[in-house]
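got a structure for you, letters missing:
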């Protein structure tokens with residue numbers, strides 16, 4: 001059961017049992033939730049972690065369920081959470097590879113969907129001369 005659907009209320013919901021957390025992650029990964037719900041879950045989870053009510057690992061575990069996400073507003077929140085992980089890497093550099101792996105998992109489908117063609121600097125200069 002999801003509480004505060006479509007962010008109708010001005011409160012943060014804390015899902016405490018493993019069963020509740022798994023249900024939320026399943027709804028995120030299958031994208032059975034609307035954009036507003038996916039966004040508010042990230043926002044609320046991030047605020048709970050920053051306030052010390054939840055371990056930051058919980059929001060990162062939830063973030064892993066967003067690998068199919070294509071919504072720009074949701075990606076904005078995802079990028080803020082990913083940016084916050086920098087403070088953990090600064091404290092423990094051994095976490096960097098794990099966080100990079102998570103980020104690669106998250107961006108792979110968007111990278112493939114949007115496409116990206118690498119151009120070396122000398123090729124770019126040659127193209128601008130044409």
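Thanks, I have the structure now. None of these values were measured; they are calculated from a predicted model.

Select the longest helix from the protein.
Longest helix of the chain, by residue count under DSSP state H: helix 96-114.

Show residues contacting that helix.
60, 63-64, 66-70, 75, 78, 82, 85, 88-89 (CB atoms under 8 Å, 6 or more residues apart in numbering). C-betas here are computed from N, CA, C, even on glycine.

residues of that helix that come out buried?
Buried residues in helix 96-114, counted by 16 or more other CB atoms under 10 Å: 102, 106.

Show me where the chain dips below the pLDDT cut-off.
1-8, 118-130 (pLDDT under 70).

tell me the centre residue of it?
Centroid-nearest residue in the chain: residue 78, 3.3 Å away (criterion: CA atoms, centre = their mean).

can you pull the contacts of it?
Per CB under 8 Å, 6+ apart, neighbours of residue 78: 42, 63, 66, 69, 106.

and what of residue 65?
25-26, 28-29.

got the residues you listed as JSON lines, with secondary structure, neighbour count and distance to residue 47 columns?
Output for the contacts of residue 65, formatted as JSON lines (DSSP: H, G, I helix; E, B strand; the rest coil; neighbours: other CB atoms under 10 Å; distance: CB to CB, whole Å):
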{"residue": "25", "secondary structure": "helix", "neighbour count": "18", "distance to residue 47": "18"}
{"residue": "26", "secondary structure": "helix", "neighbour count": "11", "distance to residue 47": "22"}
{"residue": "28", "secondary structure": "helix", "neighbour count": "23", "distance to residue 47": "17"}
{"residue": "29", "secondary structure": "helix", "neighbour count": "16", "distance to residue 47": "22"}
